[in-house]
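*Asks:* sequence first, predicted model second:
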Amino acid sequence: MIDNKTLYISDLDGTLLGKDARLSKKTIRIISGLIDRGMLFTAATARSQSSVPILEDLGLRIPCVQLNGVLIYDFPNKCYTDCTPIDVRSARQVIDVLRKFDRMSFVYKADETYGIHVEFERLTNDVERNFFEVRKDNDYKSFCQVNNITVSDNDKVIYFTMVDEYSRLSAICEEISRIEGVSPTLYSDNYSDLYFLEVFSSRATKARGMQMIKELTGASKVVAFGDNLNDIEMLKTADIGIAVGDAAPQVREIADIVIGNSFEDAVALYLEEFCS
């Protein structure tokens with residue numbers, strides 16, 4: 001039976017999506033059908049607008065969380081409703097750390113209408129080159145290669161992201177974690193042997209975005225699904241935190257429930273069983 005006072009929110013990569021980074025036909029059929037019947041369902045992802053085409057077939061009717069909580073995107077009205085930037089001073093300190101380690105990242109800046117402009121100095125590996133090639137022609141995000149990334153007083157920096165070997169990123173992450181006002185997160189890439197290091201405002205988290213959507217929808221309970229380290233706070237904050245079977249060990253350990261593997265439509269099958 002559909003409970004329209006329970007919000008269900010799922011991570012995408014490694015949780016709701018298959019190994020091909022897409023929704024399976026089965027997942028689309030099950031979840032879109034449940035949404036049509038009144039289920040409150042949405043996503044919380046590290047992706048930005050690239051999540052929108054992926055989710056279109058579900059027919060989402062409520063906002064979703066993007067960039068790990070930096071942005072809230074309103075699906076029905078096709079616009080952003082909330083943005084949490086990094087303090088200018090903190091953003092400059094992050095860049096100082098990256099310069100120290102000679103490892104500049106993609107730097108996301110937002111304009112007044114939340115349009116995203118990404119600056120980078122060089123592409124370090126095949127994953128970053130593919131990241132750029134896939135997204136460079138998108139109309140919702142512009143990329144610009146520059147000689148020297150800087151942050152002006154008027155810049156609204158919202159996100160730093162890079163991908164590399166764990167041994168190289170862990171020291172950078174540790175030093176950035178000492179900067180007031182930002183939260184770095186380091187987690188494995190679902191599609192390679194490398195790791196992502198992402199930095200955003202300490203006020204922006206998947207858990208905070210989830211709470212905002214809970215209040216917006218009037219839900220009294222939240223069930224969250226995830227697989228990676230950037231999902232831990234969301235799962236711990238939710239009334240019920242659910243890890244997929246192939247989630248990181250740390251995520252399975254803190255989860256209230258562990259279900260089947262992501263590539264076996266585990267989230268959709270769980271929802272079908274408990275909401276039908």
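*Replies:* All right, it came through fine.

*Asks:* buried ones in stretch 26-46?
*Replies:* Under the neighbour-count criterion of 16 or more other CB atoms under 10 Å, stretch 26-46 has 27-28, 30-35, 39-46 buried. Backbone N, C-alpha and C define where each C-beta goes, glycine included.

*Asks:* for those residues, work out which two are farthest apart.
*Replies:* Longest distance between any two of the buried residues of stretch 26-46 is 27.1 Å, between 33 and 46; criterion CB to CB.

*Asks:* what helices or strands is the helix or strand hosting residue 73 leaning on?
*Replies:* Here residue 73 sits within strand 71-74, counting by DSSP states H and E. For strand 71-74, the helices and strands in contact under the criterion 3 or more CB pairs under 8 Å, 6 or more residues apart in numbering; DSSP states H and E are strand 64-66, strand 79-83, helix 206-217.

*Asks:* export the longest one to PDB, keeping only CA atoms.
*Replies:* This points to helix 206-217. Provided in PDB are the C-alpha atoms of helix 206-217 (Å, rounded to 0.1, in the frame of the first residue of the first chain):
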ATOM      1  CA  LYS A 206      22.700  15.100   1.000                       C
ATOM      2  CA  ALA A 207      21.200  14.800   4.500                       C
ATOM      3  CA  ARG A 208      20.300  18.500   4.600                       C
ATOM      4  CA  GLY A 209      18.800  18.300   1.100                       C
ATOM      5  CA  MET A 210      16.800  15.300   2.100                       C
ATOM      6  CA  GLN A 211      15.400  17.200   5.100                       C
ATOM      7  CA  MET A 212      14.500  20.200   2.900                       C
ATOM      8  CA  ILE A 213      12.500  17.900   0.600                       C
ATOM      9  CA  LYS A 214      10.900  16.100   3.500                       C
ATOM     10  CA  GLU A 215       9.600  19.500   4.800                       C
ATOM     11  CA  LEU A 216       8.500  20.600   1.300                       C
ATOM     12  CA  THR A 217       6.500  17.400   0.700                       C
END
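
*Asks:* partner strands of the helix or strand that comes right after it, parallel or antiparallel?
*Replies:* Going down the chain from helix 206-217, the next helix or strand is strand 221-226, by DSSP H and E. Using DSSP bridges, strand 221-226 pairs in its sheet with strand 6-10 (parallel), strand 240-243 (parallel).
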